[in-house]
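A.B. asks: Give me the fold of what follows.
(4 chains)
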Number of protein chains: 2
Amino acid sequence: MIETPPFDFEAASQTVAERVSTGLAKISVVLKTRAWRGAAPERVTPTQAQALMLLRGAAPRGLRLDEVAKGLGVTAPTASDAVAALVSKGLVSRGRSAENHRAVALTLTTEGEALASRVADWPDFLLRAVGTLEPAEQAVFLRALVKIIRGLQEAGDIPPQRMCVNCRYFRPNIHDDPAKPHHCAFVDAPFGDRHLRLDCLEQDPASVEEAQANWNRWRGSPELPDRPLDGGPTA
Amino acid sequence: MIETPPFDFEAASQTVAERVSTGLAKISVVLKTRAWRGAAPERVTPTQAQALMLLRGAAPRGLRLDEVAKGLGVTAPTASDAVAALVSKGLVSRGRSAENHRAVALTLTTEGEALASRVADWPDFLLRAVGTLEPAEQAVFLRALVKIIRGLQEAGDIPPQRMCVNCRYFRPNIHDDPAKPHHCAFVDAPFGDRHLRLDCLEQDPASVEEAQANWNRWRGSPELPDRPLDGGPTA
DNA sequence: TTGACTCATTTAGGAGTCCTAAATAGCATC
DNA sequence: GATGCTATTTAGGACTCCTAAATGAGTCAA
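C.D. replies: Below you'll find the model as predicted:
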């Protein structure tokens, strides 16, 4: 009789990181598909809808073309195309910046604002799927997402984000309350990982050194749960 | 003197699920951008590259056009376009299915296989970002991702995936070892959440009832991390 | 103050994506 | 052998996305 060695999952599988990447790619596909379905009824395309949302987040200052291109992850000519389509639809107005006369200042028209708000609702299908996670799981997921995004930012794959961890008002791990160890110096209140923002309007970038120090302090000491992951009265 | 009430993050923020969705959308943007850069040098477009990878995963049986369209998340005409481009480049061969003469059978040519392998490497930038997470964090993230994808599948937003949790060989939570509580009846070996697959070649879909039962059994008793990660108030 | 540069954006041109609607072809059945 | 169903392709049009080259506004130096 011959003993067969048990199958070795660790050796035979892709790494966890690879499978996580696969999963993110799958979600990315749905996001693309649904973006079409959500935007089409409003007579805009996904890219255009995304540009509208970007401008909505930047009101009232507006954005330069260049900034829109970075936010969309496309080249300037492509962004110019999309903006031209929006201008011709009367959703965006293209002005010249007062101080820098070669830069354009893109802002939403009233109609553009209305449409941007309507269109911003499309990803509720994703919201529902995320909602099937337990609250504690969502919080851990958010924390991991922040790390991944920061990693992409560090590598230059994504422009700097208006996240807490990049903000000069961020004071990580300075309170004893394990649920709210951080502090936001802007609103002067403590908060926890579950409140971390990815797109805060009040965000003001910290200096490189400051951001690095905050980052180390934040990621160094993960919040501890009052009870393990699965615990807690589930909704 | 008036006491100002402290800022209420819970009330003033978007929900965790909303912010998670935002984060996933951001990753989706990078993925799109990088897909272009990765695919372009090989003289294919992102959609074409994705079709190649899909076909690679389905070898040697091949896929029907319909299946490619679903996997790509596009309509049949769009898939037909992309496939036509690949055929004219000599990367895919389009045959007729023997028994059903109205269906096509798409398979990779030798060159197509070579290119598919080269192109499959592109997301290493994402791999690196995911790699900045601690191992335990990666495992929890993967588990959450599986739940989200299954949620999307349930809602019909994504076609059924070749995941362990959909598989008739999956036996969740039948072992005592907390690191490997599940069992794969195909390779006859125990495994843990960190080994969960999203795209298993051996996967064979379970019946609806069986899948539902497995799902409940799996999600009911989550593995505990060796080290607690994060809790937060259970809202 | 006139070139030479640089910067921000646009134009040009071309392949490809993506849609809806309509056309073709194989099969099914009655 | 008409009728319908299924799988795919064609047709047509708007938009995406790229690279390369062209404008047009500021800047700077001689």
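A.B. asks: From here on, just use CA atoms for contacts and neighbour counts.
C.D. replies: Noted.
A.B. asks: for chain A, longest helix please?
C.D. replies: Under DSSP state H, the helix in chain A containing the largest number of residues is helix A:16-39.
A.B. asks: Could you name the helices and strands sitting against the following helix or strand past that helix?
C.D. replies: Note on helix A:16-39: by DSSP states H and E, the next helix or strand toward the C-terminus is helix A:46-58. Helix A:46-58 is packed against helix A:16-39, helix A:65-72, helix A:76-88, strand A:104-108, helix A:110-119, with contacts defined by 3 or more CA pairs under 8 Å, 6 or more residues apart in numbering or on different chains; DSSP states H and E.
A.B. asks: from what I can see A:Thr33 touches B:Lys70, true?
C.D. replies: No - applying CA atoms under 8 Å as the test, A:Thr33 and B:Lys70 come out as separate, 10.3 Å apart.
A.B. asks: Which elements pack onto the longest helix of chain A?
C.D. replies: Counting by 3+ CA pairs under 8 Å, 6+ apart, helix A:16-39 packs on helix A:46-58, helix B:16-39, helix B:124-131, helix B:135-154.
A.B. asks: Redo those helices as CSV? Include mean pLDDT and mean neighbour count.
C.D. replies: Shown next, in CSV, are the helices and strands packed on helix A:16-39 (pLDDT from 0 to 100; neighbours: other CA atoms under 10 Å in any protein chain shown):
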stretch, mean pLDDT, mean neighbour count
helix A:46-58, 89, 21
helix B:16-39, 90, 20
helix B:124-131, 90, 20
helix B:135-154, 93, 21
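A.B. asks: what does chain A put close to DNA strand C?
C.D. replies: A:32-33, A:36, A:64-67, A:76-77, A:80-81, A:102-105 (CA under 7 Å from any atom of the strand).
A.B. asks: got the buried residues for the helix or strand containing A:Gln212?
C.D. replies: Per DSSP H and E: A:Gln212 is located in helix A:208-220. For helix A:208-220, burial by neighbour count (16 or more other CA atoms under 10 Å in any protein chain shown) applies to A:211, A:214-215, A:218.
A.B. asks: Ok, stretch A:67-87 next?
C.D. replies: Quick answer for stretch A:67-87 (16+ other CA under 10 Å): A:67-69, A:71-74, A:76, A:79-80, A:82-87.
A.B. asks: Rounded mean pLDDT for it, please.
C.D. replies: For stretch A:67-87, mean pLDDT is 92.
A.B. asks: For the residue sitting nearest the centre point of chain A, give me phi and psi.
C.D. replies: Per CA atoms, centre = their mean, the C-alpha nearest to the average position across chain A is that of A:Leu198, at 4.9 Å. Dihedral pair for A:Leu198: phi -110, psi -10, per degrees, to the nearest 10.
A.B. asks: re the thing from before, how about the helices and strands packed on helix A:16-39 in CSV, adding distance to B:Ala116?
C.D. replies: Converted to CSV, the helices and strands packed on helix A:16-39 look like this (distance: least, CA to CA, whole Å):
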stretch, distance to B:Ala116
helix A:46-58, 28
helix B:16-39, 10
helix B:124-131, 15
helix B:135-154, 25
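A.B. asks: Out of the ones you listed, the one nearest A:Arg19 is which?
C.D. replies: Each of the helices and strands packed on helix A:16-39 has some distance to A:Arg19 by CA to CA; the shortest is helix B:135-154, at 7.5 Å.
A.B. asks: burial of A:Phe9, as a residue count?
C.D. replies: 16 (other CA atoms under 10 Å in any protein chain shown).
A.B. asks: ok, residues contacting stretch A:6-14?
C.D. replies: For stretch A:6-14, the surrounding residues in contact (CA atoms under 8 Å, 6 or more residues apart in numbering or on different chains) are B:187-189, B:191, B:195.
A.B. asks: Tell me which two in those residues are the farthest apart.
C.D. replies: Between all members of the contacts of stretch A:6-14, the farthest pair (by CA to CA) comes out as B:Asp188 and B:His195, at 14.1 Å.
A.B. asks: rewinding a little: now, which of the contacts of stretch A:6-14 sits nearest A:His182?
C.D. replies: Using CA to CA, the contacts of stretch A:6-14 come closest to A:His182 at B:His195, 33.7 Å.
A.B. asks: how near is the closest residue in space to that closest one that isn't next to it in sequence to A:Val20?
C.D. replies: Distances taken as CA to CA, 6 or more residues apart in numbering or on different chains place A:Phe9 nearest to B:His195, at 6.7 Å, with adjacent residues excluded. Distance, A:Phe9 to A:Val20, by CA to CA, to the nearest Å: 16 Å.
A.B. asks: A:Glu113 too?
C.D. replies: A:Glu113 is 36 Å from A:Val20, by CA to CA.
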